[in-house]
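1. Kindly return the folded structure for what I paste below:
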Amino acid sequence: MYADEAFDPTPDGTSANATRLQLLASLTAELAATDSISEVVEIVVTRVAEVVAASVSVLMLRADDDLVIAGSRGLREDGANTWARFPIDRTTPAGRAAVEGRPVVVEGRRSVEADYPTLRGQLPVDRTVVCLPMTVQRTTIGVIALTFDRPWQPHQYEMDFLATFADCTAQVVRRIQATAAERLRAERLRFLAQASQSLNSSLDYRSTLQRVAQLAVPGLADWCSVALVEHGQLRTLAVAHVEPEKAAWAWELQEKYAPEPDGPTGAPNVVRTGQSELYREITDDMLQASARDEEHLRLARALNLRSAIIAPLKARGETIGAITLIRAETPGSYNEEDLEFAEHLARRAGLAIDNAMLYTQARDVALQLQRAVLPERLTDIPGWEVATHYEPGDKAEVGGDFYDAVALDGNRIAVVIGDVMGHGVEAAAAMAMIRAAARAYLSVDPDPCLVMRKLDVMFAKLRVTRLVTLVYAVIDADAGELSFVSAGHHGPLLVPVDGDPQYVPTPPARPLGAGGDVRLAQTVPYRRGDVLMLFTDGVVERRDELIDDGLARLAASADVLKATHLDAALANLVAGFGQSSDDDVTAIAVRQRATEGETIVDDSAAKFGVESEHADDLVTLRVRGEIDLATVPQLRAAVEDVISSGSAVALDLSGVTFLDSTGLGCFVELHQRAQDAGVGIQFVDVAPGAARTIAIGGLASLLGTESDQAG
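-> A predicted model of the protein is given here:
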């Protein structure tokens, strides 16, 4: 309606001016009711511009020491790009209005170019520019710029009205910003609370590292990487990206072009100084300056880096790593408030990572100590298959579980399992002493009653204060008998070759160390192919179920022990019970080997299994069945056992019929664990289907698979 007219310059005004003033008053009221910056932009740059007949209108908001265009109308694309963000100073009319806090009016190109040389050639002849500061409590938070196609010197009442409208806009913008800031603070407080809970939910430090990266994406960053100081070197151990397909690029950039250790900026500098770095804007010039080659520059550009924060991970007064947050797909730049929040997150993450690392170190020491006093290998007993399983509980201290198997003359075998109450070095010492004593006593006379009586005497004479539950059994294959004595321990589980698993009735008895007791041996029939399983509490105890329910579940699942490969079957059985309690999980299973020409029928149809073969410092693990979400824990446990022993690992995957992404992630993790332990790990004899999946997953070169195996 008024697009072809400017404000009437006559002092008394016209009806058109009066109408415009009424419309401006109406828009001012409408503006006060808005609750988003986008609505403010629409009213200011579009509707108000139409009312006052401005050819160009721009709304700029303050961001630190700059003005940033929030919206515009009539501004050419090149101008919008040039002035998207510019400093607040007196070199531009808008900058002057912001600095001085008063309206600035410039009429004609000559006047503009004389006062503002930076605008030379950017304004047509006979144009008028009006810049209105948006002020709240003497603080300028933005500027409204209007350009008219004709020379125009506004009267004071017109300028007063426009200035009032600008101040009203400032009040609305400040209200919206304050509301958004309060909402953001509340969201970030909730985020930090949830982050603390999530970070403390795992005591595996590598899992904790990945949780840190995943927590930051996408709420705080489009891309997050976490680097940790290991053995004096800063290594990236976790990466997350808002677009999963770009995560591989991010990993490649971190792995292939790791930051210079002595560089003046970046994660290494943050770790050295303990001071965060904020990069509000990452320009292409910065990328070119830091790129080491064309491929490096290509990867950096492909990730579309816009803004970045690098914050130190600190714990116990030391900087243990750094977290890098990057905005790429999300518009906008990081600011000081974002940096402060990132430092809050980094402090919590640093403590969680440090706690997890301490726990992992203590747990590894406990595991090594436990295995040092357990028998190294029980698979070489002539005529017998012996499978064992040991998994430390949630506690970092060494436990008191132990087991043993000893070949006897006359086609017999002695089997023992026990549980020393408590944890720690004292429990480990008691465990070692009892195992050694049991071996010594049975080597003289393996009779179950006699061995148990001698142990009772030893406890009484040496005043052993630790209570110990124990079951000791002897299988006589020639006589077809199983004899055992229990000292307060769970009774044996017998899995007949052609029947249902059942517990052997066991009379109640006191633990060792609880005073003498009458130890009576129980004897039941045993046939070739029957499996004897002894176990500790950790196998069947769960916080959320009765012990009787756990025992019933074990018996119902024990048919798997009829499988051809007893070691894999036992691992599969125990793994199927899921996470145990704080107690260690220990089990031993024994079966007489089939004679030449005799076959023990495998009717369990075991889905998955792992067999081991030792040769010098190399352990070959033959994996068969499906590797998926359910079986990965068993695979991981088998490989970690070998890594912990210091031997190299060869994974025979010729029997693998399916390998999904869960298995690939497991192999990457195990490769890292092997590297940390200084041992080798590789694939051998890979089935074609698994080889294709390995190649697709990019693991062929990573784990040393031969190219012809990967297809």
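
2. quick one: strands adjacent to the helix or strand harbouring Ser225?
-> Assessed by DSSP states H and E, Ser225 sits inside strand 223-230. Note on strand 223-230: by DSSP bridges, its sheet partners are strand 233-241 (antiparallel), strand 318-327 (antiparallel).

3. So Arg306 is in contact with Ser333, correct?
-> Yes: between Arg306 and Ser333 there is a contact under Cβ atoms under 8 Å: 6.8 Å. All C-beta spots, glycine's among them, are computed from the backbone N, C-alpha and C.

4. which residues do these two both contact?
-> 281, 327 (Cβ atoms under 8 Å, 6 or more residues apart in numbering).

5. After the helix or strand hosting Ala430, heading C-terminal, what element do we hit next?
-> Using DSSP H and E, Ala430 sits in helix 425-444. Next in sequence after helix 425-444, counting helices and strands by DSSP H and E, comes helix 448-462.

6. Please compute how far the following helix or strand past that next one lies from its chain's middle.
-> Next helix or strand after helix 448-462 toward the C-terminus (DSSP H and E): strand 468-476. Mean-position distance between strand 468-476 and its chain equals 44 Å (Cα atoms, centre = their mean, to the nearest Å).

7. Going forward, the N-terminal residue is numbered 25.
-> Okay, residue one is now 25; in that scheme the one you just asked about reads as strand 492-500.

8. Strand 492-500 versus helix 449-468: what angle between them?
-> In terms of direction (axes from the mean of the first three to the mean of the last three Cα atoms, to 10 degrees), strand 492-500 departs from helix 449-468 by 30 degrees.

9. what's the model's confidence in the strand holding Ser249, averaged?
-> Average pLDDT, strand 247-254: 87.

10. Could you pull out the buried residues of it?
-> Neighbour-count burial for strand 247-254, counted by 16 or more other Cβ atoms under 10 Å, picks out 247-253.

11. which of those lies closest to Leu311?
-> Trp247 (14.5 Å; Cβ to Cβ).

12. For the closest one, list each beta-bridge partner.
-> On the basis of DSSP bridges, Trp247 is bridged to His265, Ile350.

13. can I assume it is in contact with Leu327?
-> Yes: using Cβ under 8 Å, Trp247 is in contact with Leu327, at 6.7 Å.

14. which neighbours do the two share?
-> 270, 274, 350, 352.

15. Restricted to strands, list those.
-> Per DSSP state E, strands hold the following members of the shared contacts of Trp247 and Leu327: Ile350.

16. ok, so of the shared contacts of Trp247 and Leu327, who is nearest Tyr181?
-> Using Cβ to Cβ, Ala352 comes nearest to Tyr181 of these, at 49.6 Å.

17. do you know how far Arg134 is from Gln696?
-> As judged by Cβ to Cβ, to the nearest Å, Arg134 and Gln696 stand 69 Å apart.

18. Of the strands paired with strand 247-254, which is nearest Phe707?
-> strand 257-265 (22.9 Å).

19. quick revisit: list the neighbours of the strand holding Ser249 that are in contact with it.
-> Residues from elsewhere that reach strand 247-254, judged by Cβ under 8 Å, 6+ apart: 233, 236-238, 240-241, 258-266, 270, 274, 278, 291, 295, 327, 337, 343-350, 352, 373, 377, 700.

20. Mind telling me what element Asp522 is part of?
-> Of the helices and strands defined by DSSP H and E, none includes Asp522.

21. Distance-wise, check it relative to Pro516.
-> Look at Asp522 and Pro516: by Cβ to Cβ, they are 18 Å apart.

22. what does Leu645 give?
-> Going from Leu645 to Pro516 by Cβ to Cβ gives 29 Å.

23. can I assume Val598 is in contact with Val563?
-> Yes: when contacts are counted by Cβ under 8 Å, Val598 is listed as touching Val563 (6.3 Å).

24. about what we covered before: need the least confident one among the strands paired with strand 247-254, by mean pLDDT.
-> The stretch with the lowest mean pLDDT among these is strand 257-265, at a mean of 85.

25. Pull the distance from that one to the chain's centre.
-> Centre-to-centre, strand 257-265 and its host chain are 11 Å apart (Cα atoms, centre = their mean).
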